[in-house]
Every structure is written in structure tokens, then in C-alpha cells.
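Q: Predicted structure and sequence below. I'll ask about it afterward.
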Amino acid sequence: MIASLPAALAADLASGALHDHLAAIAEDAARVILPYWRAGGAVFTKADDSPVTLADQKAEALILSRLAALYPDIQAVAEEQSEAEGRPASADAVFWLIDPLDGTRGFVAGKESFTVNIALIHDGRPVAGVVTAPATSTTWRTTSDGTAEMRRYAETGNDPWRAIKVRDRPDEGIALLSHSVTDAEAARLASRHGCTRWQGTDSSLKFCLIAEGRFDAYPRTGPTSEWDTAAGQAVLEAAGGRVLAADGSPLAYGKPGFANGGFVAMGG
């Protein structure tokens, strides 16, 4: 049985108001993050040996507060809260997945490829999502008509939203891969998915670059958490792409421990 969305949330999803809210929240979180970038602030280590900064924590607090004010009683599964307090035992039929700063290692190193991620999950599927790259003031989001779009934003005024779509696979496709894989493994993964070249990139930015039609595949064999992928998957699928688990089914959400296995994100 498919669970219904709460009435206010369903109305905002259909009208586009939800997508506007998510973009505004993600961009405001990006404004919280940016002063910490390349500022030499303290870096703490979580139980899984991954880094966390004040930027992660403050951005997550803003996102959780704003979502709770707009849509009370919707479960929120957020990275820093989950790592500090323990991952929830289960997911509701409707819940948020939040990664306030994906790519923290790169952020600490002063790289540009870090993102803010918010996704709405309904019965295991990402039905709305937004990804913002604070370093380049760029946002990608889903829309009420099931497509994807992007814009540059600024304090002096935002650019218009521009529709994006995956490209047809070229003869020499280009894969995006995590920097954590070796060159040999990267070449093998790229070739397996029909790509003759590959490039290393951090964070959920990989999903968005495929959604823009600039790259063709992102295979991932190592573990990730659901908040790492949900918003990017929502954007990529809305742009005409796919994100498939190892068994060939669409990557689903609300799994035990909110943990992903291997997957591949693909364009046309």
C-alpha cells in the first residue's frame, strides 16, 4: 500500500512551492557555510573517522529548523544528528534526507566540490530534491512538472532558472568517480560503463554534472549513506537519468542503517 503525503506537503509539491522552499533553505545553508571555507577553523573527527566542522553543524541546524517550521511532524534523517545520536531504527513512509555539507574532506582542504543536500523521500523514492554548491553559488533542483533546473544565485539577485537534461551517450563517454579510487580501478569502472575517459570529483556534485549533460556515468562500489545520494538522485532522475543499485533496480531509500551498497548513476 502506498502511503499518502500529508495534504500541505502534497499541495506544495504539486504547486512548486516545495521546490522554492527547498532551494531557499539550501541557499541559506550555503551562506552559513561559506564564511568557514578556507578560514582555517577547527575540524573534529566523528566515530567513523570522517571529519565534521562547525559549518556542517550550523548548516544542519538551519535546515532542520526551517523544515520543521514549514512541515511539522515529518521525520528528518540528517547526517550530523544521526552520527551524534545514532541512526534511526527505521524510516517513516515520508521523510527528509539531509546532508548539510557533502564533501567535508574537500571543504577542509579548500576545494570547491562540496554541496548542501535536501531530499524528500516518499515510499522509498526521492520525489523532490535540491543540491547547492556554495563555492560557485549554484543550485540544482527538481520541479513540480517532474523536470530539473539550475541557477546561479547572489545577494544582488538570482539568475533565472534554466532547464537541464542529460545528454545522449556519446561515442566516448566520460565518467565521474570518487577521488578515493585508484587510477587503475577508475579506468576499469569507467570502461565497464561504456566510458573511455574519467575524472575525479568530490560530493554529490557528480549527479548534477551528469544531469547537466556534461558527463555520462558515476559508478560507485564503496559504501555511502543515503543522505549522500538522495538529493542528487532526485535531480538526476528529473533530468532524464537513472541511479541503479547493484541488482539493476532504482536505488531506494529507508534501507537498514540508511546505508547504500554499490550503484551507478547514468545519463542518457
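A: Looks like it came in fine. Numbering: from 1, shown residues only.
Q: Residue 31 versus residue 155, what's the distance?
A: The gap separating residue 155 from residue 31 is 8 Å, by C-beta to C-beta, to the nearest Å. C-betas here are computed from N, CA, C, even on glycine.
Q: And residue 129, by the same measure?
A: 20 Å.
Q: mind listing what's buried in the worst-scoring helix or strand of the chain on mean pLDDT?
A: None of the helices or strands of the chain scores lower by mean pLDDT, DSSP states H and E than strand 43-45, at a mean of 76. For strand 43-45, burial by neighbour count (16 or more other C-beta atoms under 10 Å) applies to no residue.
Q: neighbouring contacts of that strand?
A: 51-53, 108 (C-beta atoms under 8 Å, 6 or more residues apart in numbering).
Q: more crowded one of residue 155 and residue 31?
A: Applying other C-beta atoms under 10 Å to residue 155 and residue 31 shows that residue 31 carries more neighbours, namely 16 against 7.
Q: Per-residue pLDDT of that one, please?
A: Here the pLDDT value assigned to residue 31 is 97.
Q: for the one 4 residues further on, same thing?
A: With respect to pLDDT, residue 35 scores 95.
Q: That one: what secondary structure?
A: Residue 35 carries the three-state label helix when classified by DSSP: H, G, I helix; E, B strand; the rest coil.
Q: Equivalent analysis for residue 236, please.
A: helix.
Q: before we move on, the earlier item: which of the contacts of strand 43-45 count as buried?
A: Judged by 16+ other C-beta under 10 Å, buried ones among the contacts of strand 43-45: 52-53, 108.
Q: Mind checking which of those residues land in helices?
A: Counted as lying in helices by DSSP state H, out of those, are residue 108.
Q: Hmm, which of the buried ones among the contacts of strand 43-45 is lowest in pLDDT?
A: Scoring those by pLDDT puts residue 52 last, at 84.
Q: so who does it touch?
A: So residue 52 contacts 43-46, 80, 83, 104 (C-beta under 8 Å, 6+ apart).
Q: so where do the helices sit in the protein?
A: Going by DSSP H, the chain shows helices at 7-15, 17-33, 54-70, 79-85, 104-108, 183-192, 205-211, 226-238.
Q: Dump these to TSV, plus distance to residue 168.
A: Below are the helices of the chain laid out as TSV (distance: least, C-beta to C-beta, whole Å):
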stretch	distance to residue 168
helix 7-15	30
helix 17-33	26
helix 54-70	35
helix 79-85	35
helix 104-108	30
helix 183-192	18
helix 205-211	13
helix 226-238	15
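Q: of all these, which lies closest to residue 174?
A: Relative to residue 174, the nearest member of those by C-beta to C-beta is helix 183-192, separated by 8.0 Å.
Q: Could you export that closest one as PDB, CA atoms only?
A: In PDB, the C-alpha atoms belonging to helix 183-192 read as follows (Å, rounded to 0.1, in the frame of the first residue of the first chain):
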ATOM      1  CA  ASP A 183      43.700   5.200 -11.200                       C
ATOM      2  CA  ALA A 184      43.500   1.500 -12.300                       C
ATOM      3  CA  GLU A 185      40.200   1.000 -10.500                       C
ATOM      4  CA  ALA A 186      38.900   4.200 -12.000                       C
ATOM      5  CA  ALA A 187      39.800   3.100 -15.600                       C
ATOM      6  CA  ARG A 188      38.200  -0.300 -15.000                       C
ATOM      7  CA  LEU A 189      35.000   1.200 -13.700                       C
ATOM      8  CA  ALA A 190      34.700   3.800 -16.400                       C
ATOM      9  CA  SER A 191      35.200   1.200 -19.100                       C
ATOM     10  CA  ARG A 192      32.600  -1.100 -17.500                       C
END
